[in-house]
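> return a 3D structure for these sequence lines:
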Amino acid sequence: SERKPRFFGLGGTFSNTEGLGLEGYWGHRNLFGQAEKLRIDGSISGIGSNSLSALNYNAGVMFEKPGVLGPTSKFFTGVKTVFEHPDAYDHFSVKGDVGVSYDLDKQQRVSAEFDLDYSRITDAFGKHTYLIASVPLQYVFDNRDNKLNPTRGFRFLAYAEPSYDILNGATFLKLKGEGYTYQSLDTASRFVLAERATLGSIVGTGLQNVPADRRFYSGGGGSVRGYSYQGIGPKDIDGQPIGGLSFFETSVEMRIGVTDTVGIVPFVDAGTVSIKSFPDFSGVKVGAGVGLRYITPFGPLRIDAAVPLNRDPGDPHFGIYAGIGQAF
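A predicted model of the protein is given here:
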């Protein structure tokens, strides 16, 4: 049956190291009568941890039209603007994209797009203006039994993005692979072992020629819990992160269902960032903790508490993270 044409959503996250984040979106399905979709979204983050002038904002408009290259294909285009102030850099950008995705079958999807991104960035290397043309290419395999709260299955993502800086002449290639596995250890799925690993590399140019927002970072609620956002990896003389040309992250969780709606999740995260094009694993940081889950029809409510196991001076002593959905 046809779904309602208009929809909206709200979300939020909280961390003692990153502050409060709020996001929302509004959309219109079947916009012109052939299953097109329009979506407008926006978010604010860093509330409570930054001054009002240093909050992070982003907003975007996205349009999709299915069936352009057969029933399982989808054309998409959009415009997004970002104004953010993480510790590593200050960043303003306006980005437009156009592309096509194609479902090979129910479990596999490929996509290709063309992006044009104008940005102004201030980081440890100074103030820079970029105009980046790139062609992101992506392959996804996903056979998880549930996208919001998986108990079985596997998800793999391979990503390649050749890029050219029109204003400064730099050419580089960004590569990333992600793998997620979920194994139910009993028939009732009360014990679920979840694991993830992510590896990324940028080749073709030096660190200072790659825009700060395109470098790799690690640390925080969606990464290595117990550490601050972007807090893992090389830093400048003031102790601020500068990002890297490569990174590696991994996590292991044991999701234990105490009741049908309440669960506890002990976990261990690890990650490293390197200025080389392949991680040297000399500075791996490890965080561990436990989380509480409350299962709802729209996904688990999540609270995690973690401590850094090999913290450096300046790292937090602990991190607390709250949000909607599993950590991965």
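> ok, residues contacting the strand ranked longest in the chain?
When the chain is parsed with DSSP state E, its longest strand is strand 108-123. If you take C-beta atoms under 8 Å, 6 or more residues apart in numbering as the criterion, strand 108-123 is touched by 76, 88-104, 127-142, 211-213, 242. In this view, the C-beta of every residue, glycine as well, is placed from N, C-alpha and C.
> may I have the strands that pair with that strand, each with its orientation?
Its sheet considered, strand 108-123 pairs with strand 90-103 (antiparallel), strand 126-134 (antiparallel), strand 137-142 (antiparallel) by DSSP bridges.
> could you pull out the strands for the stretch 201-328 of the chain?
Per DSSP state E, counting those that start in this stretch, the stretch 201-328 of the chain carries strands over the ranges 246-257, 262-274, 285-296, 299-308, 319-324.
> so which of the ones you listed gets nearest Pro66?
For Pro66, the closest of these is strand 299-308, at 25.1 Å, according to C-beta to C-beta.
> and Ser189, what's its pLDDT?
You'll see Ser189 listed with a pLDDT of 91.
> which one is Ala59 nearest to, not counting chain neighbours?
Gly42 (4.0 Å; C-beta to C-beta, 6 or more residues apart in numbering).
> centroid residue for the protein?
Geometric centre of the chain, nearest residue: Gly222, 7.2 Å, by C-alpha atoms, centre = their mean.
> got phi/psi on the nearest residue to that one once chain neighbours are set aside?
Take Gly222 and drop its neighbours on the chain: the residue closest to it by C-beta to C-beta, 6+ apart is Ala327, 7.1 Å away. Per-residue torsions, Ala327: phi -60, psi -30 (degrees, to the nearest 10).
> check contacts around Val286.
Taking C-beta under 8 Å, 6+ apart, one finds 224, 268-270, 308-310 in contact with Val286.
> low-confidence stretches in the stretch 1-150 of the chain?
50-53 (pLDDT under 70).
> try 80
The stretch 1-150 of the chain contains residues with pLDDT under 80 at 1-2, 16-18, 49-54.
> just to revisit the earlier point, as CSV, the strands paired with strand 108-123 with mean neighbour count and distance to Tyr159 would be great.
Listed next are those as CSV, based on neighbours: other C-beta atoms under 10 Å; distance: least, C-beta to C-beta, whole Å:
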stretch, mean neighbour count, distance to Tyr159
strand 90-103, 16, 13
strand 126-134, 16, 12
strand 137-142, 16, 5
